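*Asks:* My questions are about this predicted structure, shown below with the sequence.
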Amino acid sequence: MELRQIKFFMAVAEERHFGRAAERMFIAQPALSQHVRRLERELEVQLFDRSARHVRLTPAGEAFLEVAQRMTRQVDEATTAARRAEAGESGTLAVGVHLPVAAPLLSVVLRHWSRLRPAVRPRLTSGRTTELTDLVRRHELDIALIDGPTTDRTLTTTLIAENPIVIVLPADHPLTRHPTITLHDLRHEPFIAVARHTSMSLHDRFIELCGTAGYNPHITLQVDDPDLLPMAVAAGLGIGLAAATTITTRPMPGLTYRPINHPRATIPLIAIAARDHTTTQTQDFLNLLTNLHHRDHLHPISTDIDLTNPPQHNPTPRILQHAV
């Protein structure tokens with residue numbers, strides 16, 4: 001049984017005439033009649049009473065028509081759903097997020113996404129950068145927002161923003177008298193560091209920055225969770241370097257922060273996707289990120305963003321100016 005046979009049958013049932021049904025379906029009448037007879041043989045029933053002047057449905061034909069109409073509606077709905085998914089207008093999008101660096105940005109992006117692609121439901125997963133990267137490689141995530149950079153050539157990388165690094169201090173620390181702090185000012189301080197397996201980018205940039213100032217940092221404590229760093233600093237166990245979004249969005253009593261006066265005191269926030277598994281929805285999400293930082297507005301909801309095309313040029317992202 002073929003779908004076109006069912007549609008030919010429905011045309012005859014609705015027109016009550018083989019000739020008019022053939023014209024409607026753009027097929028020769030003899031061919032249409034053959035398709036209907038073939039369908040009757042497959043079903044082993046007679047669908048039409050051809051003895052009268054006009055074609056009439058038999059009881060079997062009436063029963064078959066009711067189910068056929070319901071089935072063809074479902075086929076039409078399935079076709080529309082498939083085409084919308086292919087065009088990126090429906091379906092799901094699995095997004096991974098390294099919360100310490102991407103949480104403030106994510107809520108803004110999702111508000112735009114829900115307005116522009118309401119039928120594409122995001123599925124969110126949080127984790128460490130290494131974990132999320134592995135999930136993207138295995139195609140268990142479509143896209144991940146992580147701290148960069150990455151050199152994995154199996155992934156596509158989109159720079160979203162440069163997240164400033166700040167120095168986290170107890171509120172009564174003498175350095176809080178300065179509006180900004182140099183790395184040289186920190187050479188004799190005890191440090192609390194985020195473990196490298198948790199945030200490779202932050203840890204390596206921390207060591208690099210201290211090295212440019214001519215010293216190796218005295219690390220007294222390492223934490224596996226970036227959220228533990230400000231708590232340890234507030235307890236007086238040392239000072240620490242952290243991504244600005246980790247600190248500035250969640251104030252804590254007894255704690256303050258200061259900018260670091262160094263051009264490389266930043267961590268790139270990037271979006272990654274598998275190079276061999278970029279769906280239409282994934283590309284639309286990347287285009288949204290690119291368009292948002294191109295326009296430099298994350299907070300207003302706009303409906304005139306083109307998800308299908310990124311901007312023609314790629315200026316330096318400034319997204320996190322609003323977040324921090």
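*Replies:* Perfect, I can see it now. These numbers were taken from a predicted model, which means no experiment stands behind them.

*Asks:* Relative to Thr58, how far out is Ser51?
*Replies:* 11 Å (C-beta to C-beta, to the nearest Å). C-beta: built from backbone N, CA, C; applies to glycine.

*Asks:* Report the beta-bridge partner residues of Ile165.
*Replies:* Note on Ile165: beta-bridge partners Ala243, judged by DSSP bridges.

*Asks:* Let's verify Thr198: helix, strand, or coil?
*Replies:* In three-state terms, and counting by DSSP: H, G, I helix; E, B strand; the rest coil, Thr198 is coil.

*Asks:* my read: it touches Asp227, true?
*Replies:* No - with the criterion set as C-beta atoms under 8 Å, Thr198 and Asp227 do not qualify as a contacting pair; they are 10.6 Å apart.

*Asks:* before we move on, the earlier item: more neighbours: which of Ser51 and Thr58?
*Replies:* Neighbours per residue, other C-beta atoms under 10 Å: of Ser51 and Thr58, the larger number sits with Thr58, 15 against 7.

*Asks:* isn't that one right up against Leu43?
*Replies:* No - Thr58 lies out of contact with Leu43 (C-beta under 8 Å); the separation is 11.2 Å.

*Asks:* now the strands for the stretch 51-200 of the chain?
*Replies:* Secondary structure of the stretch 51-200 of the chain (DSSP state E, counting those that start in this stretch): strands at 56-57, 91-97, 120-126, 143-147, 155-170, 190-194.

*Asks:* Reformat those strands as a markdown table; add distance to Leu32, mean pLDDT and mean neighbour count.
*Replies:* Supplementary listing: the strands of the stretch 51-200 of the chain in a markdown table, determined by distance: least, C-beta to C-beta, whole Å; pLDDT from 0 to 100; neighbours: other C-beta atoms under 10 Å:
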| stretch | distance to Leu32 | mean pLDDT | mean neighbour count |
| --- | --- | --- | --- |
| strand 56-57 | 16 | 90 | 16 |
| strand 91-97 | 37 | 90 | 20 |
| strand 120-126 | 41 | 91 | 15 |
| strand 143-147 | 50 | 92 | 26 |
| strand 155-170 | 51 | 90 | 22 |
| strand 190-194 | 73 | 94 | 21 |
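
*Asks:* Distance to Ala213 for the ones you listed - can I get that in CSV?
*Replies:* Supplementary listing: the strands of the stretch 51-200 of the chain in CSV, determined by distance: least, C-beta to C-beta, whole Å:
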stretch, distance to Ala213
strand 56-57, 89
strand 91-97, 32
strand 120-126, 34
strand 143-147, 22
strand 155-170, 12
strand 190-194, 13
